[in-house]
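Peer 1: have a look at this fold, sequence not included:
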């Protein structure tokens, strides 16, 4: 198994999202990101603005940005 062709396990990425202030915000962001193919779990925390995403492979940041935008928030980048 080579690192270039096969990922040995899930990939965890933490993103910074601006504008989240409550549980409803967390749910909106989590719901949109969880629809991206390959995403297995999403945990958004409004108090820190961090969204932890576990996926089967590294995600296209533009896809994450579009999902966050669809939820009504702004992706500031990786945390």
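Peer 2: On my side now, so go ahead. Note that the structure is predicted; figures quoted are calculated from it, not measured.

Peer 1: backbone dihedrals for residue 74, please?
Peer 2: The phi/psi pair for residue 74 (degrees, to the nearest 10) reads phi -120, psi 130.

Peer 1: tally of neighbours for it?
Peer 2: By other C-beta atoms under 10 Å, 13 other residues sit near residue 74. All C-beta atoms are positioned from the backbone trio N, CA, C, and that covers glycine.

Peer 1: adjust the sequence numbering to begin at 817 for everything that follows.
Peer 2: Fine by me, first position is 817 from now on; the one you just mentioned is residue 890.

Peer 1: quick one: what helix or strand has the most centrally placed residue in the chain in it?
Peer 2: A centroid search over the chain (C-alpha atoms, centre = their mean) returns residue 869, at 4.3 Å, as the residue closest to the centre. Per DSSP states H and E: residue 869 is located in strand 866-871.

Peer 1: so the residue nearest to the centre of the chain bridges to which residues?
Peer 2: Beta-bridge pairing for residue 869 (DSSP bridges): residue 829, residue 858.

Peer 1: about what we covered before: quick one: mean pLDDT over the strand holding residue 869.
Peer 2: Strand 866-871 carries an average pLDDT of 98.

Peer 1: just the buried positions in it, please.
Peer 2: By neighbour count on 16 or more other C-beta atoms under 10 Å, the buried set for strand 866-871 is 867, 869, 871.

Peer 1: between those, which is nearest residue 826?
Peer 2: Proximity of those to residue 826 (C-beta to C-beta) peaks at residue 871, which lies at 6.7 Å.

Peer 1: report the distance from stretch 826-835 to the chain centre.
Peer 2: 5 Å (C-alpha atoms, centre = their mean, to the nearest Å).

Peer 1: correction: stretch 829-841
Peer 2: With C-alpha atoms, centre = their mean, you get 10 Å for stretch 829-841.

Peer 1: those strands in this structure, which residues are they?
Peer 2: 827-834, 855-861, 866-871, 890-894 (DSSP state E).

Peer 1: which one of those strands is the most hemmed in?
Peer 2: Of all those, strand 866-871 has the most neighbours on average by mean count of other C-beta atoms under 10 Å, namely a mean of 19.

Peer 1: report all helices and strands that that strand contacts.
Peer 2: strand 827-834, helix 839-849, strand 855-861 (3 or more C-beta pairs under 8 Å, 6 or more residues apart in numbering; DSSP states H and E).
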